[in-house]
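[1] the following comprises the amino acid sequence and a computationally predicted model.
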Amino acid sequence: MGKGRAPCCDKTKVKRGPWSQDEDLKLISFIHKYGHENWRSLPNQAGLLRCGKSCRLRWINYLRPDLKRGNFTLEEEETIIKLHQSFGNKWSKIASKLPGRTDNEIKNVWHTHLKKRLSSYINHNASDEAATKGSLNREETSQESSPNASRSFGGSNIVSKEDDDVQIGETFECFQDYSELAGMLQEVDKPELLEIPFDIDPDVWNFINGFQQPENSLTPRAHQESEEAEVDKWFKNLESELGLEEDNSQQQEQPNEAKEESPSPSLLESYELLINH
DNA sequence: AAACGGAGCAACCGCTGCTGG
DNA sequence: TCCAGCAGCGGTTGCTCCGTT
C-alpha cells in the first residue's frame, strides 16, 4: 500500500449520487439471478454504470430482501446501546446481532437519535444530581467512582464535540446494570421521537420485499410460495422491459419454477407504478 | 408564502484486513 | 514471504425534507 493504489473504478466513467429505480431494478434483478460473487465485475455484467462498491453498498443498505424497514423499536435501540457498550463503534458487529438492520443504519441511528437522547439524559441526570446533592463536592465523588466520571457528569456541557462517542461509551460504564439503561431510555425518550417518518412509497417496498428468500425470511408466510411464483412472473416481465432476458437464457443458474408467459396484471401494475413514480 | 436552519439518511471516501498467486 | 486485488468497515459528506420564523 502506500504507493497509491489504483482507484477501484474510473470515477469519470461511473455514475454517482442517488440511485434511480431503474438502476435498483437492474441490480436486484441481476443479484437475484446470479448472486454477487464479484462486486467489482458486477456493474459491468449487470449493465450498471456504477462502481462495484457503490452497488454493494446499495444492495446491503437498501435493496437486500431481508432488511427490516421502518423505525427502530425501543427494544432494538436498547440492544444497540447495550452492544455499543461492549463493541464500541464496531457497527457491523452490532448489526450482526440485529437481524435485518445494517451497519450504516445503526450508525445513523446512533448519531442522530441515541447519542442525542443519551446526552439529554446525562444532562437531565446531572442537574437532578446537583439538585439532590446540593453543594456536595462533585469532584470528590467523581474521582472516587472513576477518573473519567468528572468528564461525563461534571457540568451542563458534558459531551464535547470532538470525542463525545468515547465519552458516551465511558458514561455507560457508570451505569450499574443494563436495566438501569433500559429504564433510562424509557424515561428520556419521547414517544414521538421513535416515530421516524418513513414515507417511501409502499409499492417500492412491496416490490423489494417480493424477493424475500425462504432462508432469510424473518416472517414466514403461508402464501409465500404463491408470492414467489408471482415474483418470478414479475421478473420475466421486468427482464424483457430492461432488456436482460438474453443473459438470462444463457446463464440461468438459480431455479426458476414459474415459466408463465404473461405477467399478472397486479405485478405489471406494480412495475408501472415503480417506473412512473 | 418564502426563507432559513436543523435533522435524518443515503452515499461516498479512504483505510484495513483477508486471500490467493 | 511478499504483493496485489478485493470486500468490508467506519467516518464523513452532502442532499432532501420538514418545522419554525
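    Perfect, thanks for sending it.

[2] quick one: the closest residue to residue A:14 other than its chain neighbours from residue A:36, how far?
    Nearest in space to residue A:14, with sequence neighbours left out and distances taken as CB to CB, 6 or more residues apart in numbering, is residue A:51 at 4.9 Å. Bear in mind the C-beta positions are built from the backbone N, C-alpha and C, glycine included. Note on residue A:51: its distance to residue A:36, by CB to CB, to the nearest Å, is 14 Å.

[3] more neighbours: the two, which one.
    Just comparing residue A:51 and residue A:36: by other CB atoms under 10 Å the higher neighbour count belongs to residue A:51, 21 against 15.

[4] am I right that that one is in contact with residue A:13?
    No: using CB atoms under 8 Å, residue A:51 is not in contact with residue A:13, being 9.4 Å away.

[5] one step back: ok, now how distant is the residue nearest to residue A:14 from residue A:110?
    Counting by CB to CB - residue A:51 and residue A:110 are separated by 26 Å.

[6] got it, and residue A:20?
    29 Å.

[7] ok, now residue A:25?
    31 Å.

[8] for residue A:13, same thing?
    From residue A:13 to residue A:110 the distance is 35 Å (CB to CB).

[9] compare those two (neighbour count), which wins?
    residue A:110 (21 against 8).

[10] in the stretch 1-150 of chain A, which ranges drop under the pLDDT threshold?
    A:1-12, A:119-150 (pLDDT under 70).

[11] and for residue A:97, the neighbour number?
    For residue A:97, using other CB under 10 Å, the count is 14.

[12] so who does it touch?
    Residues near residue A:97 by CB atoms under 8 Å, 6 or more residues apart in numbering: A:79, A:83.

[13] check the spacing between it and DNA strand C real quick.
    As judged by CB to the nearest atom of the strand, to the nearest Å, residue A:97 and DNA strand C stand 12 Å apart.

[14] tell me the domain ranges of chain A?
    A:17-65, A:74-194, A:224-242+A:257-277 (automatic domain parsing).

[15] residue A:91 and DNA strand B: what is the separation?
    From residue A:91 over to DNA strand B the distance is 10 Å, taken as CB to the nearest atom of the strand.

[16] quick one, phi/psi of the residue lying closest to residue A:16 once chain neighbours are set aside?
    Nearest residue to residue A:16, sequence neighbours excluded (CB to CB, 6+ apart): residue A:54, at 7.4 Å. Dihedral pair for residue A:54: phi -60, psi -40, per degrees, to the nearest 10.

[17] cool, residue A:55 as well?
    According to degrees, to the nearest 10, residue A:55 has phi -60, psi -50.

[18] ok, it touching residue A:39?
    Yes: counting by CB under 8 Å, residue A:39 is a contact partner of residue A:55 at 6.1 Å.

[19] next, show the common contact partners of the two.
    With CB under 8 Å, 6+ apart, residue A:55 and residue A:39 have no common neighbours.

[20] who's more crowded, these two?
    residue A:55 (24 against 16).

[21] report the separation between that one and residue A:64.
    From residue A:55 over to residue A:64 (counting by CB to CB), the distance is 12 Å.
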